[in-house]
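A.B. asks: quick one, fold the following:
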Amino acid sequence: MSDMPKSIPENEPLNLSLNSVKQSLVNHLIFSVGKDPITATDRDWFFTLANVVRERLIERWMATMRRYYNNDAKRVYYLSMEFLIGRSLMNSVLNIGFDEEVRQACIDAGIDLDKIKDMEFDAALGNGGLGRLAACFLDSMATIGLPGYGMGIRYEYGMFNQKIENGWQVEHPDNWLRYGNPWEFPRPEVLYPVKFHGRVVQYNDEGGKLHSHWIDSDDVMAMAYDTPIPGYGLNTVNNMRLWSAKASRDFDLRYFNEGNYIKSVEDKNESENLSKVLYPDDTTAMGRELRLKQQYFFVSASLQDILFRFHKHHKTFDELPDKVAIQLNDTHPSIAIPELMRLLVDIHHLDWEHAWGITTRTFAYTNHTLMPEALETWPVALFESVLPRHLQIIYEINQRFLNRVMHCFPGDNELLKRMSIIDESHGRRVRMAHLAIVGSHHVNGVAALHSELMKTTIFSDFDRYYPGKLTNITNGITPRLWLNQANPGLASLITGRIGKGWITDLSQLRQLGKLADDKTFQAEFHAVKRANKARLAELVMDRLNLQIDPDSLFDVQVKRIHEYKRQLLNLLHVVTLYNRIRTNPQADIVPRTVIISGKAAPGYATAKLIIKLANSVADIVNNDPAVRGLLKLAFIPNYDVSTASVIIPAADLSQQISTAGTEASGTGNMKLALNGALTIGTLDGANIEIMEEVGEDNIFIFGLNTQQVAALKGSGYNPWDYYHANGELKWALDMIASGYFSPEQAERFQPIVNNLTQGGDHYLLLADYASYVAAQERVEKLYRDRQQWTRRAILNVAGMGKFSSDRTIGEYANKIWGAQPVLK
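C.D. replies: Model (predicted):
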């Protein structure tokens, strides 16, 4: 959003009273939507209500921007390929603080708010935890009054809609903009050129200084769309700016004048494809090139915009690090480092060392993975073709960096190879994580274990060279969405006992600890959970036509489908329970409903086969009369923020079962525990810190820890040893391999079993199976004692204060950004 001149007066914000809201409803239905109440549809009423909320946001938004301008505040720019915002209507209503008035106005108008709010499409501009984390961070920056801006891409199609057809995941386009987006503001005047391809011409001026010009490029225009992000209760409304690709000219007149209209349209469409879809399939060369172009596209536009805004009020760039902090959310935006160097050196003619000093004091980088194979790299040849000037800059950065390393550690050529930004051993590739580390003043992990492993494993050389640069800031989630909005029953119960201060100070939940043994509070807490489970049961019936028992144990695993997250281990346990029920009909077994939800990347064949297995197991288990309803398995399709908001409040058990050392943090574990689910998990990611906060007696820990994982792999792990030693494990695997769950194609799931046996079981499912099953038996035993289970669930909620994203953002602001809140 453009800075506001000081001369504009600051008006009183629009009234939030019931009468004001009712009048706004009538006005917007007629004058904004153009409908009469008699003919208005639910979607008309949604856009009407969105306009009622939006006009109250706008005034606070402009006042916020004016405040930042008047204070010449240091601004934080959060660069992320993903922002998984979800729905904005009720979030905005609750954060502004007029939910009761809106509900009553809807009742008086004879409209059903619950139906109206379901008209809103989820803004699924993200793939999972990374994008949802970014959205939580924007909420927290606004809530604490920090001048924070999200910068990303306005994807025309977000994360695909997942349909399950014959048990298989089928991807359908997520056309979230089909009916328009009432929250965004197009800014056609905020337009920046972004270059690709071409060549670089270099020459020395009269003083001998080298100049570089990037010419003969293919240009695309980046146009801004702004979305207001309201904080809770403070009247602070920050900005998320997303970039959409536009052709540099509507048509290439050369083709048009030659009569080749089709070619001119093709070129225009190709330019605008850059912002068409979230994460194109990168299993093809064309997909990989498009993905690199997407990354550079939004980064270049964002940096041009940041420098334009800064330069309007500052004569030189010397103060840039004092007034601007740029956070790189994972390696996707790390091309920003050579891009800022290009802008400062090539366009604004700073000398290299001066520009490099500014750059390294401006950027910070968040790492989200410990797995070497997941660290982003790009072929040098692709860089040379798409971004030729940036490759030159990266080479220069690398050469200067390696010279400094060589002087510190002379003679250690292997160290130079390991730390180089260019990987020479795998076909010459640019290591984007190395670039981000070298070009940033801080690098943070996202959980204590993750950050420690970052220092001792994948980035140990950098930690030795840059002591103190690598640090930890544990992730968090916004309680506004994940408790106050998603679980109104529990939020109301908590507020009734300790007040509503917890909404902005989650540490106040500690006060619930003294209520854990209060029988009345336990009963009320249980009643809220039971109502949430009934609501989820309705959703499962609606989507799957499957009846589940709200009084059964709701055993939940919701996350992206990936081998390291070990949904397969969960399924092995389901098959084991199924076998126990069938072989011992008299067994006293706690009824259990296992709920799995999540999407697999379109090109990830193994993950898609796991989804098929889950649905095939469900088909057998749910329809076998011998099971007698004691066990149900539900794979809920199309997991998104709205679906999560129904599943998470209903969960009894939260499965966080990744192999120790593979999950950087996880935030699903935090959301589920905050809503009163007990965790069954490994000592991985943030599970360890959750255990420390809620107490070891109130969490079910199992499996190998990181040291034991390393030792087992180092000693020559043989999964066949575990297969032959455990009869139940062998039985479950044999059933899967033999076609028990796929009689129409017996060998369908053989590849899964092969991966776990002949393929070496990379994520150690067989090694952890017995410990996992034993932990599940402890779960079952405790669930029989409703009072004790409820007590421990309350203690989990009470222990979640640390995991607010407000605390996380406060740590970023103090430890990394050096930014201060700007309040009224």
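
A.B. asks: Ile809 contacts Asp139, doesn't it?
C.D. replies: No - with contact defined as C-beta atoms under 8 Å, Ile809 does not reach Asp139; the gap is 9.2 Å. (Each C-beta comes from the backbone N, C-alpha and C, glycine too.)

A.B. asks: what's the end-to-end length of stretch 158-166?
C.D. replies: Taking C-alpha to C-alpha, to the nearest Å, stretch 158-166 runs 24 Å from one end to the other.

A.B. asks: what about the stretch 551-700 of the chain, any weak spots by pLDDT?
C.D. replies: For the stretch 551-700 of the chain, not a single residue meets the criterion pLDDT under 70.

A.B. asks: how about the helices in it?
C.D. replies: Applying DSSP state H, counting those that start in this stretch to the stretch 551-700 of the chain gives helices spanning 567-583, 605-623, 641-650, 668-674, 687-694.

A.B. asks: quick one: closest of those helices to Asp218.
C.D. replies: Across those, Asp218 has its closest neighbour in helix 605-623 (33.6 Å, C-beta to C-beta).

A.B. asks: for the closest one, output the C-alpha coordinates as PDB.
C.D. replies: Backbone C-alpha positions of helix 605-623 (Å, rounded to 0.1, in the frame of the first residue of the first chain) are rendered in PDB as follows:
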ATOM      1  CA  ALA A 605       3.700 -41.600  -6.600                       C
ATOM      2  CA  THR A 606       4.500 -43.300  -3.300                       C
ATOM      3  CA  ALA A 607       2.500 -40.800  -1.300                       C
ATOM      4  CA  LYS A 608      -0.500 -41.200  -3.700                       C
ATOM      5  CA  LEU A 609      -0.200 -45.000  -3.300                       C
ATOM      6  CA  ILE A 610      -0.300 -44.500   0.500                       C
ATOM      7  CA  ILE A 611      -3.600 -42.600   0.100                       C
ATOM      8  CA  LYS A 612      -4.900 -45.500  -2.000                       C
ATOM      9  CA  LEU A 613      -3.900 -48.000   0.700                       C
ATOM     10  CA  ALA A 614      -5.600 -45.900   3.400                       C
ATOM     11  CA  ASN A 615      -8.900 -45.900   1.400                       C
ATOM     12  CA  SER A 616      -8.500 -49.700   0.600                       C
ATOM     13  CA  VAL A 617      -7.900 -50.600   4.200                       C
ATOM     14  CA  ALA A 618     -10.900 -48.400   5.200                       C
ATOM     15  CA  ASP A 619     -13.100 -50.100   2.600                       C
ATOM     16  CA  ILE A 620     -12.400 -53.500   4.200                       C
ATOM     17  CA  VAL A 621     -12.400 -52.500   7.900                       C
ATOM     18  CA  ASN A 622     -15.500 -50.300   7.700                       C
ATOM     19  CA  ASN A 623     -17.500 -53.000   6.000                       C
END
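
A.B. asks: flag every buried residue along that helix.
C.D. replies: Using 16 or more other C-beta atoms under 10 Å as the test for burial, helix 605-623 gives 607-618, 620-622.

A.B. asks: relative orientation of that helix and helix 567-583 in degrees?
C.D. replies: Between helix 605-623 and helix 567-583, the angle comes out at 20 degrees (axes from the mean of the first three to the mean of the last three C-alpha atoms, to 10 degrees).

A.B. asks: packing partners of helix 605-623?
C.D. replies: strand 168-172, helix 567-583, strand 631-636, helix 750-756 (3 or more C-beta pairs under 8 Å, 6 or more residues apart in numbering; DSSP states H and E).

A.B. asks: and the closest residue in space to Val237 that isn't next to it in sequence, how many neighbours does it have?
C.D. replies: Leaving out its chain neighbours, the residue that sits closest to Val237 by C-beta to C-beta, 6 or more residues apart in numbering is Trp61, at 3.9 Å. Around Trp61 there are 24 other residues, counting by other C-beta atoms under 10 Å.

A.B. asks: Trp61: which element?
C.D. replies: Per DSSP states H and E: Trp61 is located in helix 42-71.

A.B. asks: try Val709
C.D. replies: According to DSSP H and E, Val709 maps onto helix 706-714.

A.B. asks: got the buried residues for that helix?
C.D. replies: Thr706, Gln708, Val709.

A.B. asks: got a list of contacts for that helix?
C.D. replies: Applying C-beta atoms under 8 Å, 6 or more residues apart in numbering, the contact partners of helix 706-714 are Leu449, Leu453, Thr659, Ala660, Gly661, Leu683, Asp684, Leu704, Leu764, Ala767.

A.B. asks: list the buried residues of the helix or strand that that helix is followed by.
C.D. replies: Sequence order places helix 719-725 as the next helix or strand after helix 706-714, per DSSP H and E. Across helix 719-725, burial judged by 16+ other C-beta under 10 Å covers Pro719, Tyr722, Tyr723.

A.B. asks: export those to TSV and tack on distance to Leu307 and pLDDT?
C.D. replies: Below are these laid out as TSV (distance: C-beta to C-beta, whole Å; pLDDT from 0 to 100):
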residue	distance to Leu307	pLDDT
Pro719	54	98
Tyr722	57	98
Tyr723	59	98
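
A.B. asks: could you dump those residues to a markdown table with distance to Val345?
C.D. replies: Formatted as a markdown table, the buried residues of helix 719-725 follow (distance: C-beta to C-beta, whole Å):
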| residue | distance to Val345 |
| --- | --- |
| Pro719 | 53 |
| Tyr722 | 57 |
| Tyr723 | 59 |
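
A.B. asks: from those, pick the one nearest Tyr279.
C.D. replies: Pro719 (32.2 Å).

A.B. asks: doesn't Ile561 make contact with Ala607?
C.D. replies: Yes - taking C-beta under 8 Å as the definition, Ala607 is a contact partner of Ile561 at 4.3 Å.

A.B. asks: overlap in contacts of the two?
C.D. replies: Common neighbours of Ala607 and Ile561 (C-beta under 8 Å, 6+ apart) are Ala600.

A.B. asks: list the contacts of the helix or strand harbouring Glu100.
C.D. replies: Assigning secondary structure by DSSP H and E places Glu100 in helix 99-109. Residues from elsewhere that reach helix 99-109 (C-beta under 8 Å, 6+ apart): 16-18, 21-22, 25, 37, 49, 52-53, 90, 93, 112-113, 116.

A.B. asks: then stretch 808-822?
C.D. replies: Here stretch 808-822 has contacts from 67-68, 71, 73-76, 137, 140-141, 144-148, 322, 325, 327, 364, 441-442, 444, 471, 473-476, using C-beta under 8 Å, 6+ apart.

A.B. asks: returning to that earlier point: got the angle for the helix holding Val709 vs helix 687-694?
C.D. replies: Comparing the axes of helix 706-714 and helix 687-694 via the same axes, to 10 degrees yields an angle of 150 degrees.

A.B. asks: where along the stretch 451-600 of the chain do the strands fall?
C.D. replies: Remark: strands assigned in the stretch 451-600 of the chain by DSSP state E, counting those that start in this stretch are 470-472, 553-558, 592-597.

A.B. asks: these: which one's closest to Arg580?
C.D. replies: That would be strand 592-597 among these, by C-beta to C-beta, at 11.4 Å.

A.B. asks: so the closest one versus strand 631-636, what angle?
C.D. replies: Using the same axes, to 10 degrees: strand 592-597 against strand 631-636 is 20 degrees.

A.B. asks: so Pro193 bridges to which residues?
C.D. replies: Going by DSSP bridges, Pro193 is paired in beta bridges with Met221.

A.B. asks: tell me where the stretch 201-350 of the chain has helices.
C.D. replies: Secondary structure of the stretch 201-350 of the chain by DSSP H, counting those that start in this stretch: the helices cover 253-257, 261-272, 285-311, 320-323, 336-342.
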